[in-house]
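Q: Below are the sequence and a predicted model; questions follow.
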Amino acid sequence: MPVPKKRRTHSRTRTNHAYNFRAQVKAAGVCKNCGAPVLPHVICPVCGYYKGRKVKKTKLEKRNARQARKAEENKK
Ligand SMILES: [Zn+2]
(Lines give C-alpha, C1' and ligand atoms only; values in the text may rest on other atoms or scores of the structure.)
Protein backbone atom coordinates (compact mmCIF):
# COMPACT_ATOMS: atom_id res chain seq x y z
CA MET A 1 0.00 0.00 0.00
CA PRO A 2 1.40 3.44 -0.88
CA VAL A 3 2.48 5.54 2.03
CA PRO A 4 3.08 9.32 1.99
CA LYS A 5 6.80 10.04 1.87
CA LYS A 6 6.66 13.16 3.99
CA ARG A 7 4.53 14.37 6.84
CA ARG A 8 1.99 16.96 5.76
CA THR A 9 2.19 19.95 8.07
CA HIS A 10 -0.83 21.53 9.72
CA SER A 11 -0.15 24.74 7.77
CA ARG A 12 -0.11 22.95 4.41
CA THR A 13 -3.35 21.13 5.17
CA ARG A 14 -5.11 24.34 6.25
CA THR A 15 -3.79 26.24 3.20
CA ASN A 16 -5.29 23.63 0.89
CA HIS A 17 -8.58 23.54 2.77
CA ALA A 18 -8.80 27.32 2.72
CA TYR A 19 -9.15 27.14 -1.07
CA ASN A 20 -12.55 25.47 -0.62
CA PHE A 21 -13.79 28.15 1.76
CA ARG A 22 -12.58 31.24 -0.13
CA ALA A 23 -14.97 34.15 -0.42
CA GLN A 24 -17.51 33.96 -3.20
CA VAL A 25 -17.61 36.77 -5.76
CA LYS A 26 -20.53 38.98 -4.84
CA ALA A 27 -22.38 41.22 -7.24
CA ALA A 28 -21.17 44.78 -6.75
CA GLY A 29 -24.16 46.51 -8.29
CA VAL A 30 -27.64 46.26 -9.71
CA CYS A 31 -28.80 46.63 -13.30
CA LYS A 32 -30.34 50.06 -13.90
CA ASN A 33 -32.76 48.57 -16.39
CA CYS A 34 -34.08 45.43 -14.68
CA GLY A 35 -32.59 45.54 -11.17
CA ALA A 36 -30.80 42.20 -11.42
CA PRO A 37 -27.46 41.87 -9.59
CA VAL A 38 -24.56 42.43 -11.99
CA LEU A 39 -20.78 42.46 -11.83
CA PRO A 40 -19.05 45.78 -12.50
CA HIS A 41 -18.08 46.47 -16.15
CA VAL A 42 -20.19 43.55 -17.34
CA ILE A 43 -23.30 43.53 -19.53
CA CYS A 44 -26.43 42.54 -17.62
CA PRO A 45 -26.98 38.84 -18.40
CA VAL A 46 -30.73 39.13 -17.81
CA CYS A 47 -31.69 42.03 -20.09
CA GLY A 48 -28.52 42.72 -22.12
CA TYR A 49 -28.24 46.36 -21.05
CA TYR A 50 -25.03 48.17 -20.22
CA LYS A 51 -24.87 51.78 -19.00
CA GLY A 52 -28.59 52.20 -19.74
CA ARG A 53 -28.22 51.10 -23.35
CA LYS A 54 -29.20 47.85 -25.10
CA VAL A 55 -25.96 46.26 -26.30
CA LYS A 56 -26.68 42.55 -26.52
CA LYS A 57 -29.53 40.20 -27.36
CA THR A 58 -30.36 37.83 -24.54
CA LYS A 59 -30.73 34.09 -25.14
CA LEU A 60 -34.49 34.34 -24.67
CA GLU A 61 -34.77 37.11 -27.27
CA LYS A 62 -32.67 35.11 -29.72
CA ARG A 63 -34.87 32.06 -29.18
CA ASN A 64 -38.08 34.06 -29.65
CA ALA A 65 -36.71 35.61 -32.85
CA ARG A 66 -35.77 32.17 -34.16
CA GLN A 67 -39.21 30.75 -33.36
CA ALA A 68 -40.92 33.72 -35.03
CA ARG A 69 -38.75 33.24 -38.12
CA LYS A 70 -39.59 29.51 -38.26
CA ALA A 71 -43.30 30.20 -37.85
CA GLU A 72 -43.08 32.70 -40.70
CA GLU A 73 -41.37 30.11 -42.93
CA ASN A 74 -44.03 27.49 -42.16
CA LYS A 75 -46.80 29.91 -43.20
CA LYS A 76 -45.44 30.17 -46.74
ZN1 LIG B 1 -30.69 44.05 -16.62
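A: On my side now, so go ahead.
Q: The most centrally placed residue in the chain: what secondary structure?
A: Centroid-nearest residue in the chain, with C-alpha atoms, centre = their mean: residue 45, separated by 7.8 Å. Using DSSP: H, G, I helix; E, B strand; the rest coil, the secondary structure recorded for residue 45 is coil.
Q: Tell me the predicted confidence for it.
A: Model confidence at residue 45, given as pLDDT, is 88.
Q: close enough to count as contact, it and residue 34?
A: No: Residue 45 lies out of contact with residue 34 (C-beta atoms under 8 Å); the separation is 10.1 Å. C-beta here means a position set from N, CA and C on the backbone, and glycine is covered the same way.
Q: In space, what's closest to residue 47 - neighbours in sequence excluded?
A: residue 34 (4.4 Å; C-beta to C-beta, 6 or more residues apart in numbering).
Q: Please identify the helix or strand for the one you found.
A: Per DSSP states H and E: residue 34 is located in neither a helix nor a strand.
Q: dump the residue contacts of it.
A: Residue 34 is in contact with 44, 46, 47, 49, counting by C-beta atoms under 8 Å, 6 or more residues apart in numbering.
Q: Low-confidence regions, the protein specifically.
A: 27 (pLDDT under 70).
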